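Visitor: The following comprises the amino acid sequence and a computationally predicted model.
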Amino acid sequence: MSDPVTVAQLLDRAETQLAAAHIVCGHGTATPRDEAAAIIYHVMGLQHENPQAYGRRVGADALRRIADLLEVRATRRIPVPYLLGEAWFAGLPFYVDERVLIPRSPFAELITTRFSPWLALPGHPRILEIGTGSGCIAIAAALAFPGSEVVATDVSAAALDVARRNVERHGVAGRVQLVQADGLRGIAGRFDLLLSNPPYVPDGELEDMPPEYAREPRLALAGGADGLALVRRILQDAPRHLQRDGWLAVEVGAGIETLERAFPQVPFLWPEFAHGGDGIAIVSAQDLTAAARQPFDK
Ligand SMILES: C[S@@+](CC[C@H](N)C(=O)[O-])C[C@H]1O[C@@H](n2cnc3c(N)ncnc32)[C@H](O)[C@@H]1O
């Protein structure tokens with residue numbers, strides 16, 4: 001790239017470079033242009049909402065650093081948030097690296113709208129998140145519900161190290177407790193809300209995923225034969241961990257029909273999202289408990 005160049009010119013070139021490399025977007029960005037912008041704005045410390053940013057000249061150091069990042073993104077297919085060490089979720093920045101899934105769940109929208117109109121919580125809810133990864137859901141929930149107490153679990157000690165860093169970054173260590181646990185095993189007490197974005201990719205689909213996804217921990221994606229291995233355990237164990245008026249919200253992504261077929265007796269709600277995504281099932285503790293009196297699926 002020849003110098004000098006404006007942000008607008010660099011953005012066009014970078015977009016062309018990434019599109020030509022056939023990168024796959026899906027880690028918080030939708031297009032090669034979004035990815036190019038994420039890299040350029042991050043390196044230059046620019047705000048996306050700043051209308052003057054387009055006309056800024058890119059200095060030689062920034063240009064070199066951006067060129068390096070674009071090259072790595074294009075050739076090694078590393079998702080941008082891992083390259084920058086940062087992902088955004090529910091309007092908040094989170095440190096990420098290859099020990100955790102890159103935050104992208106539609107839970108962000110449910111949390112920022114405080115789950116309205118889908119469910120209502122008491123003033124100071126106790127919230128449990130299973131499979132916290134970077135901690136994004138637990139931390140965003142703690143901030144959306146200022147008087148809440150949150151327990152966030154993960155089976156991966158490495159993921160919990162990342163979550164700890166984010167809990168400290170957002171100043172919620174007093175209200176978000178991180179616990180290493182397998183599903184609900186060893187978790188004590190009852191909660192008003194149980195949240196989980198568990199691994200739910202069916203094993204047979206893992207190998208067909210684009211190279212970007214192979215950078216993420218397999219443990220964060222692999223959901224067993226039909227994708228529901230951990231989801232089944234959560235549904236079965238949840239009634240013992242929920243308050244009578246509590247709620248469960250669990251993400252299954254493209255597994256909506258599989259879940260409906262596996263648990264026909266459970267009246268799941270399926271929120272629609274203004275900002276994209278789907279596949280989060282919501283059910284009340286009472287409906288889940290009533291359904292559990294009938295035999296759950298094989
Ligand atoms: C899809 S990722 C979600 C991460 C984060 N909550 C998010 O939404 O970005 C699933 C997480 O569940 C964790 N996990 C996998 N199996 C688990 C289990 N049996 N018990 C608890 N956590 C588990 C993984 O380590 C991973 O961090």
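Guide: Cool, got the structure.
Visitor: Do a quick rundown of the helices in the stretch 51-200 of the chain.
Guide: According to DSSP state H, counting those that start in this stretch, the stretch 51-200 of the chain carries its helices in the segments 60-76, 80-84, 107-112, 136-144, 157-169.
Visitor: Return the most buried member of these.
Guide: Of all the helices of the stretch 51-200 of the chain, helix 136-144 has the most neighbours on average by mean count of other C-beta atoms under 10 Å, namely a mean of 26. (Each C-beta comes from the backbone N, C-alpha and C, glycine too.)
Visitor: closest one to Val283 among the helices of the stretch 51-200 of the chain?
Guide: With C-beta to C-beta as the measure, helix 107-112 is the member of the helices of the stretch 51-200 of the chain nearest Val283 (13.9 Å).
Visitor: Buried residues in stretch 35-47, which are they?
Guide: For stretch 35-47, a neighbour-count test (16 or more other C-beta atoms under 10 Å) marks 35-44, 46 as buried.
Visitor: Could you find the lowest-pLDDT member of these?
Guide: When those are compared by pLDDT, Leu46 scores lowest at 92.
Visitor: how near is the closest residue in space to it that isn't next to it in sequence to Pro81?
Guide: Leaving aside its sequence neighbours, Leu46 sits nearest to Ala53 (C-beta to C-beta, 6 or more residues apart in numbering; 4.4 Å). Note on Ala53: its distance to Pro81, by C-beta to C-beta, to the nearest Å, is 20 Å.
Visitor: Now flag whichever of the buried residues of stretch 35-47 is closest to the ligand.
Guide: Of all the buried residues of stretch 35-47, the ligand sits closest to Ala38, with 17.5 Å by C-beta to the nearest ligand atom.
Visitor: ok so, going back, nearest to Val167 among the buried residues of stretch 35-47?
Guide: The shortest approach to Val167 among these belongs to His42, at 22.7 Å (C-beta to C-beta).
Visitor: hmm, back to that, so which of the helices of the stretch 51-200 of the chain is nearest Ala8?
Guide: The stretch from these with the least distance to Ala8 (C-beta to C-beta) is helix 60-76; that distance is 13.7 Å.
Visitor: Against which helices or strands is that closest one packed?
Guide: helix 7-20, helix 32-44, helix 80-84 (3 or more C-beta pairs under 8 Å, 6 or more residues apart in numbering; DSSP states H and E).
Visitor: Take the last one, keep the C-alpha atoms, and write them as CSV.
Guide: What that stands for is helix 80-84. What follows is helix 80-84, C-alpha atoms only, in CSV (Å, rounded to 0.1, in the frame of the first residue of the first chain):
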residue,chain,number,x,y,z
VAL,A,80,-10.6,-10.5,14.0
PRO,A,81,-11.5,-10.6,17.8
TYR,A,82,-8.7,-13.0,18.5
LEU,A,83,-6.3,-10.8,16.5
LEU,A,84,-7.3,-7.7,18.4
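Visitor: Would you mind pulling the contact partners of it?
Guide: The set of residues that contact helix 80-84 without belonging to it, under C-beta atoms under 8 Å, 6 or more residues apart in numbering, is 27-29, 35, 38-39, 42, 69, 72-73, 87, 96-98, 102-103, 215.
Visitor: just the residues of the stretch 51-200 of the chain that are near the ligand, which are they?
Guide: Applying C-beta under 6 Å from any ligand atom, one finds that the stretch 51-200 of the chain approaches the ligand through 100-101, 103, 105, 130-134, 136-137, 153-156, 159, 182-183, 197-199.
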